[in-house]
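K.L.:
Starting from these lines, generate the structure:
(one chain, ligands or ions: 1)
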Amino acid sequence: MSDELDLPSLVDAGARTLGFDDDTDLEVGPLAFGCWRFVGSDVARGRELIETALELDMNLIDTADIYGRGHGGRGFGEAEELLGKVLAEAPELRDQMVLATKGGIREGVPYDSSPDHLTQACDDSLRRLGVDVIDLYQVHRPDLLAHPLDVAETLDALVDSGKVRAVGVSNHTPAQVRALAEYLEVPLVSTQPEYSAAHLDHLRDGVLDQAMELGLAVLAWSPLGGGRLATGEGVRPELIAVLDELAGREGVDRATIATAFVLSHPSSPVAILGTQTPDRLREATKALDVHLDRRDAYRIIEAAEGVPHP
Ligand SMILES: NC(=O)c1ccc[n+]([C@@H]2O[C@H](COP(=O)([O-])OP(=O)(O)OC[C@H]3O[C@@H](n4cnc5c(N)ncnc54)[C@H](OP(=O)(O)O)[C@@H]3O)[C@@H](O)[C@H]2O)c1
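P.N.:
Predicted structure coming up:
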């Protein structure tokens, strides 16, 4: 291959709309702050993280009712409670964010998108967060035992009641999305799949293609593979070598290249960052200025999969 190639960067550093332009007026930055690991009772630290994220244009704040279980948390609801305490202390932050949460995982069940449960889960999230309205309410995982008509009617009712501005899904297959969208009165505006150089399934299973077809914002979870792409743990050495080479060329760290890779898919994913370190949030913004072209992205895919492209 020639080194003379002069290819444009694929990294999309622009704002994203949730849904098609006329579906919502919710606009978010290309990087978001995730609250899976946002646990504990240190409100000052929580506030510092949220304020740092918002200052860096990471205005989508993504949480879930279940967050708080694991990662040192004491249990269900803790991450929403901590965010609620931050918002109680600094209410001016509420309007600066697009507040996203999720329901539908139920301890001991494990999934419940029945009308009673989702409605109650949303009320409980509103109470823990201390807000009147959730901007984006997402079904966290598909409930295989719920009819999409029932889920759709429940989500429509949440929007009608004014408790929720828009609705989305997470970890849904294209068929599950289509079935739900078919019955919904309101537009489905987002999908939240795992997507990173460490998890490329959705490149070819229709999840990202469908998002582009239906105008769903792609909210990519674990853009660093939960940290593995930064540490190298459990990742193919060939992938680490390519990421390191590109990092050296661009003058950034490996995690930044991995984040830029997520932003370079044509569905313009939002990378939901999981770090709980303000300096790493700042570092991540360098991904927006990285030059990652088609050849670079194909090299990452090939190294990640260990299979040469035909
Ligand atoms: N919908 C779903 O089912 C689902 C599932 C999982 C996650 N999510 C969403 O996605 C968000 C992000 O997920 P994630 O936390 O797995 O994201 P991630 O960004 O892939 O991983 C974050 C982890 O990587 C570590 N890390 C970051 N930069 C590093 C570096 N340079 N060197 C070493 N370690 C580094 C962080 O540690 P430090 O904090 O120490 O920096 C943190 O433990 C969650 O908060 C949640 O909002 C959704």
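K.L.:
what's the helix or strand for the residue most central in space within the chain?
P.N.:
Geometric centre of the chain, nearest residue: Leu219, 3.5 Å, by C-alpha atoms, centre = their mean. Per DSSP states H and E, Leu219 falls inside strand 217-220.
K.L.:
what does Leu82 give?
P.N.:
Applying DSSP H and E, one finds Leu82 within helix 78-89.
K.L.:
Distance from the chain centre to the next helix or strand after that helix, please.
P.N.:
Downstream of helix 78-89, the next assigned helix or strand under DSSP H and E is strand 98-103. Relative to the mean C-alpha coordinate of its chain, strand 98-103 is positioned 10 Å out (C-alpha atoms, centre = their mean, to the nearest Å).
K.L.:
Do any residues in the helix or strand following strand 98-103 lie close to the ligand?
P.N.:
For strand 98-103, the following helix or strand on the C-terminal side (DSSP H and E) is helix 115-129. No. Counting by C-beta under 6 Å from any ligand atom, the ligand has no neighbours in helix 115-129; the shortest distance is 14.0 Å. All C-beta spots, glycine's among them, are computed from the backbone N, C-alpha and C.
K.L.:
With stretch 39-57 instead?
P.N.:
No. Using C-beta under 6 Å from any ligand atom, stretch 39-57 stays clear of the ligand, coming no nearer than 9.6 Å.
K.L.:
how about that stretch: buried residues?
P.N.:
39-40, 43, 46-47, 49-50, 52-54, 56-57 (16 or more other C-beta atoms under 10 Å).
K.L.:
Equivalent analysis for stretch 170-183, please.
P.N.:
For stretch 170-183, by 16+ other C-beta under 10 Å, it's 170-172, 174, 176-181.
K.L.:
Tell me the residues on the chain that lie near the ligand, please.
P.N.:
Within the chain, the positions adjacent to the ligand are 34-37, 62, 170-171, 192, 221-227, 230-231, 255, 272-277, 280 by C-beta under 6 Å from any ligand atom.
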